[in-house]
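Q: here is a sequence with its predicted model. Questions after.
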Amino acid sequence: ADVASGRVWVVGIRHTWGKHMRRLFAVVVGILLAFMTWPAFAVSVVFINPGKSGEAYWVAAADSMRAASRSLGVDLEVKFAERDQLRVLSAAQEIAARPKADRPHYVIITNDYGLGPKLLSIFEGTGIQCFFAYSPPAVADQASLGKPRQIHKHWLGSLQPRAADAGYLTAQALIAKGRAAKAHGADGKLHMLAIAGDRSTPVSIHRNEGMQRAIREAGDVVLDQVIYSDWNREKAQQQSAVLFERYPLARLIWAGSDQMAFGAMTSWERRGGQPGQNAWFSGVNTSTEAMEAVKSGRLSALAGGHFIVGAWALVMIYDHASGRDFADEGLDLDRPMFVLFDARAADRFLARFGDGKYDSLDFKKYSKALNPGLKRYDFSFEQLIR
């Protein structure tokens with residue numbers, strides 16, 4: 001009996017030891033794989049942010065990028081241009097003129113104000129690799145610029161949210177609200193005013209196209225006028241006051257951003273109107289003010305989530321630096337990212353990101369370099385607020 005007991009004891013030790021060894025082996029392999037995919041150098045990136053340092057959307061963009069950089073171990077510098085075209089170019093020139101040892105490996109830029117071609121020229125020959133996020137060069141510039149990595153070898157690629165989705169989703173929702181409220185004019189049509197951002201930025205152009213597509217599909221909507229308020233709240237307020245006088249039948253007000261929507265709301269309220277009651281407004285972006293307006297019903301349609309494009313761009317850059325080029329998926333990526341927020345989705349967003357902190361997001365799990373089994377990037381925002 002003692003011998004038999006001893007045999008059982010020895011077998012048990014061997015079994016336990018083998019199990020621990022297998023676990024240890026798995027841990028060691030995991031560590032080795034992590035080191036193999038980690039860049040051999042500290043990746044440095046500068047983002048030339050075209051927005052203002054106090055502007056909710058562009059602050060959220062910068063904050064989410066900082067969270068991604070901490071998650072991935074990327075050295076990130078953000079330079080705000082304060083919506084000044086000259087400051088965008090000045091920032092690029094300053095970066096390009098740095099001593100070679102102090103230059104970043106990558107720079108993330110946008111095509112706001114159509115400055116993309118000039119920015120590529122500034123970084124030509126500096127050894128700095130360029131990546132467009134949010135808005136790539138316009139189609140009209142392709143004849144001279146070519147595609148990424150063709151004429152400009154240092155232009156790695158681009159990532160943009162499918163901007164037309166924002167215009168389409170918000171216009172659809174706005175039209176549905178107007179129909180439900182029976183806000184038709186004497187002619188039996190719903191009348192809409194559109195407050196767009198600017199005439200040249202592809203993002204603005206595509207949002208307008210999405211809005212106009214929804215109107216064409218509706219069949220019972222008249223677009224009375226499109227104005228351009230340069231993404232400015234005060235300008236939208238001033239211009240909309242004139243429009244409300246000019247088009248008394250208009251009850252649907254589509255705006256290309258939340259700030260322009262709020263400017264138009266103020267103008268409507270000064271006329272004695274009530275947003276969400278006798279006129280319906282839409283916007284784009286995810287500011288706390290916009291989320292609260294959705295919850296209260298003052299804002300009838302809101303799309304957003306695209307501020308995180310810069311963070312996704314850092315994931316792609318990290319993979320490129322790690323030897324996992326994103327070229328197999330495309331060099332000029334246009335992805336659906338927008339979420340249409342209702343009161344419930346607004347609550348979820350505020351609960352998770354309302355304080356402007358995005359450190360709860362683990363960006364490592366979206367990296368192909370760190371997750372070899374990942375075949376396609378999932379850059380949707382909806383997954384982040386489920």
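A: Ah, there it is.
Q: quick one: low-confidence parts of this structure?
A: Low-confidence regions of the chain, defined by pLDDT under 70, span residues 1-41.
Q: give me the most central residue, it.
A: The C-alpha lying nearest the average C-alpha coordinate of the chain belongs to His306 (C-alpha atoms, centre = their mean; 2.4 Å).
Q: now Tyr113, nearest residue through space, not along the chain?
A: Taking C-beta to C-beta, 6 or more residues apart in numbering, and ignoring the residues beside it in sequence, Tyr113 has Gln85 as its nearest neighbour in space, at 4.8 Å. Backbone N, C-alpha and C define where each C-beta goes, glycine included.
Q: just Phe381 next, same as before
A: The spatial neighbour of Phe381 that comes closest, neighbours along the chain excluded (C-beta to C-beta, 6+ apart), is Gly305 at 2.9 Å.
Q: thought the residue nearest to Tyr113 was touching Thr110?
A: No - counting by C-beta atoms under 8 Å, Gln85 sits too far from Thr110 to count as a contact (11.6 Å).
Q: the two: which has the busier surroundings?
A: In terms of neighbours (other C-beta atoms under 10 Å), Thr110 is the more surrounded of Gln85 and Thr110; the figures are 28 against 14.
Q: pretty sure the more buried one is touching Phe131, no?
A: No - under the criterion of C-beta under 8 Å, Thr110 lies out of contact with Phe131, with a separation of 10.3 Å.
Q: tell me where the stretch 251-386 of the chain has helices.
A: 258-270, 288-296, 309-321, 343-353 (DSSP state H, counting those that start in this stretch).
Q: residues near the residue nearest to Phe381, how many?
A: Under the neighbour criterion other C-beta under 10 Å, Gly305 is assigned a count of 24.
Q: any idea how far Ala250 is from it?
A: Here the criterion is C-beta to C-beta, to the nearest Å. By it, Gly305 lies 28 Å from Ala250.
Q: where do the helices sit along the stretch 51-200 of the chain?
A: In the stretch 51-200 of the chain, the segments counted as helices under DSSP H, counting those that start in this stretch are 56-72, 85-96, 116-123, 142-145, 163-180.
Q: so what secondary structure elements neighbour the first one?
A: In terms of contacts (3 or more C-beta pairs under 8 Å, 6 or more residues apart in numbering; DSSP states H and E), helix 56-72 is packed against strand 44-49, strand 75-80, helix 309-321.
Q: mind saving the C-alpha coords of the longest one as CSV?
A: Provided in CSV are the C-alpha atoms of helix 309-321 (Å, rounded to 0.1, in the frame of the first residue of the first chain):
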residue,chain,number,x,y,z
VAL,A,309,-9.4,58.9,-36.1
GLY,A,310,-6.1,60.2,-34.9
ALA,A,311,-5.8,57.4,-32.3
TRP,A,312,-6.5,54.8,-35.0
ALA,A,313,-3.9,56.5,-37.1
LEU,A,314,-1.4,55.9,-34.3
VAL,A,315,-2.3,52.2,-34.3
MET,A,316,-1.5,52.0,-38.0
ILE,A,317,1.8,54.0,-37.6
TYR,A,318,2.8,51.8,-34.7
ASP,A,319,2.2,48.7,-36.8
HIS,A,320,4.2,50.2,-39.7
ALA,A,321,7.1,51.0,-37.4
